[in-house]
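[1] Starting from these lines, generate the structure:
(chains A and B)
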Number of protein chains: 2
Amino acid sequence: MNIAIVGIGLIGGSIAIRLKEKGPFSKIIGVDKSEVNQKKAIQLGLVDEVATLENAVKDAKVIILTAPVDAILKLAPKVLDLVTDQVVIDMGSTKENILKLIENHPNRGRYVAAHPMAGTEYSGPEAALPNLFKDKMMVYVEASRSDEDAFELADSITEILEMKTSFMNANEHDVHTAYVSHISHLTSFALALTVLGKEKSQGRIFELAGSGFESTVRLAKSSPDMWTPIFKQNRTNVLEVLDEHIKQLQSLYDAIDKEDYEGLHKLIKKSNKIKRIIK
Amino acid sequence: MNIAIVGIGLIGGSIAIRLKEKGPFSKIIGVDKSEVNQKKAIQLGLVDEVATLENAVKDAKVIILTAPVDAILKLAPKVLDLVTDQVVIDMGSTKENILKLIENHPNRGRYVAAHPMAGTEYSGPEAALPNLFKDKMMVYVEASRSDEDAFELADSITEILEMKTSFMNANEHDVHTAYVSHISHLTSFALALTVLGKEKSQGRIFELAGSGFESTVRLAKSSPDMWTPIFKQNRTNVLEVLDEHIKQLQSLYDAIDKEDYEGLHKLIKKSNKIKRIIK
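    Residues are numbered from 1 along each chain as shown, chains lettered A, B, ... in the order given. Down below sits the predicted model:
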């Protein structure tokens, strides 16, 4: 049995490395609209061959979609039109729109929506890592809508990736990822823009940048091609959390502006409760 | 020759560990207003003895101030009143107010203003680390105002800590730290407050928190006792950068809100220039 990976970047490539080493698949077929990525994927040994989407679907038992989420919106219905008993695993970062789009597709049962909560700020096939997924969370979304055999096959891949699992509905998934993933990227992008802007007038400002700065700003290296579609697809939730985040920043601003240092101390102390969550 | 460390927390404790191992000092004397910290510093072997400020200054050739910046504002003039040929090294995170306060003190020459750009989100003597400062930047502020022998003695400690060095005036220092350190903490505090607030209504939201989230929010574990005074002392610069940061977040918000995804893509791509700075 063969597997096709549609979109051979950080996520697709990292899955490929692991499946090549541990998976039950005879052949890993890469699909990517970028010829550069196709070549790199072959050169790096991530995939055994590259193919068109149509040929890959014909030739594979499992089709994993790891393209940007706007591309998945176009790919998913096409792939579902082509499958018979294959399994399609959507690994995109947003789920509500895509699952709504395909909810009445006759082959909906062959579709497994799964979001691996793993990544780095790098992108492309050369960013792929062998242990990217180990001990991370695979979130299954509306798993009950998938055929049992399709889900089981998808879950056997999750096991090979050595991931933990969680189950959610689409809305819950999109709200939660807005809060614990999408907003972190937006704050990093904004922080980078803020400091880069100041550098123009002030120069040498980054001489003092330490590990704290690096930690809060590293996500600003993330790909606009991947992230613009995520914010588009999760627009409502992202706007909600961004609005709340701006309000929280404004309340810190107001406390400093009004010299209410007791209030500021309280806000910081309250934020310290995050210790409960991250060790 | 003895050294006194006033404020035995993360910074003071980490200096103590290193000086005990490599320094030329016969005795490390700890000064801390907290009896708990005094006991811990002795138990952990960070200092050889604890003393009152007055006795420590009498007994030491070098006095390092590593208390929160509001405490340094009170300590510095007191210590300068007491010194004769001793050297006082101020390791606080803000410099303009303190240097203005002591600029005409008759012992100003004995004072070396130095800010080690190193830290973690933890605090207290138990957070001290042996290699906290290695390869980090020590920023000397208004170094030309220090007596040459005082500066040389301070710089020999910087060498023992294996740090790089940089020289700035007080305003430059406070502006730069606002941009590459203070703002990172404010965004983390605000992000933690945003997500902790949502958890109340949504529950299990942190189940999906991954390394990206952890990276942007870890500074929110930082001590309010240390950070409230920093924001107070660097109020004008912090308000300026916070205002700019909120504007950048607002422009990301507006692009998503107006569905201007081309504009959003451009902003993200622009922020990617941070790659130039952090590898």
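
[2] care to break chain A down by domain?
    A:2-168, A:173-276 (automatic domain parsing).

[3] Need the distance between the two termini of the last one.
    For domain A:173-276, the first-to-last residue distance is 22 Å (Cα to Cα, to the nearest Å).

[4] which residues are contacting the strand or helix carrying residue A:176?
    Using DSSP states H and E, residue A:176 falls within helix A:170-177. Around helix A:170-177, the neighbours that count as contacts under Cβ atoms under 8 Å, 6 or more residues apart in numbering or on different chains are A:93-96, A:99-100, A:113, A:115, A:117, A:139, A:141-142, A:168, A:234, A:237, B:202, B:204-205, B:207-208. Every C-beta, even on glycine, is put in place using the N, C-alpha and C of the backbone.

[5] coming back round to it: just put the domains of chain A in CSV and tack on mean neighbour count, mean pLDDT and distance to residue B:14.
    Below are the domains of chain A laid out as CSV (neighbours: other Cβ atoms under 10 Å in any protein chain shown; pLDDT from 0 to 100; distance: least, Cβ to Cβ, whole Å):
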stretch, mean neighbour count, mean pLDDT, distance to residue B:14
domain A:2-168, 19, 97, 29
domain A:173-276, 20, 95, 14
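
[6] What distance do you get for residue A:32 to chain B?
    Per Cβ to the nearest Cβ, to the nearest Å, residue A:32 is found 20 Å from chain B.

[7] Same question for residue A:100.
    Residue A:100 is 18 Å from chain B, by Cβ to the nearest Cβ.

[8] Then residue A:260?
    The gap separating residue A:260 from chain B is 10 Å, by Cβ to the nearest Cβ.

[9] Chain neighbours aside, what residue packs nearest to that residue?
    residue A:254 (7.6 Å; Cβ to Cβ, 6 or more residues apart in numbering or on different chains).

[10] can you give me the helices in the stretch 101-250 of chain A?
    Assigned by DSSP state H, counting those that start in this stretch, the helices in the stretch 101-250 of chain A fall at A:148-160, A:170-177, A:183-202, A:211-217, A:224-233, A:235-257.

[11] Name the residues that touch the fourth one?
    The contact list for helix A:211-217, computed with Cβ under 8 Å, 6+ apart, reads A:187-188, A:191-192, A:195, B:118-121, B:180-181, B:184-185, B:187-188, B:215-216, B:218-219, B:274, B:278.

[12] Over to stretch A:137-156?
    Contacts of stretch A:137-156 (Cβ under 8 Å, 6+ apart): A:24, A:61-62, A:87, A:89, A:95, A:99, A:103, A:108-117, A:158, A:161, A:163-170, A:173, B:207-208, B:210.

[13] for the residue positioned nearest the centre of chain A, what are its contacts?
    Centroid-nearest residue in chain A: residue A:93, 4.2 Å away (criterion: Cα atoms, centre = their mean). With contact taken as Cβ under 8 Å, 6+ apart, residue A:93 is in contact with A:69, A:115, A:177, A:181, A:182, A:230, A:234.

[14] Which of these fall within strands?
    Counting by DSSP state E, the contacts of residue A:93 place residue A:115 in strands.

[15] Kindly indicate which of the contacts of residue A:93 lies nearest residue B:50.
    residue A:181 (46.4 Å; Cβ to Cβ).

[16] mind checking how far the closest one is from residue B:191?
    Residue A:181 sits 12 Å away from residue B:191, going by Cβ to Cβ, to the nearest Å.

[17] Residue A:233 now?
    Distance, residue A:233 to residue B:191, by Cβ to Cβ: 22 Å.

[18] next one: residue A:262
    On the measure of Cβ to Cβ, residue A:262 and residue B:191 end up 22 Å apart.

[19] Next: residue A:157.
    If you go by Cβ to Cβ, the gap between residue A:157 and residue B:191 works out to 33 Å.
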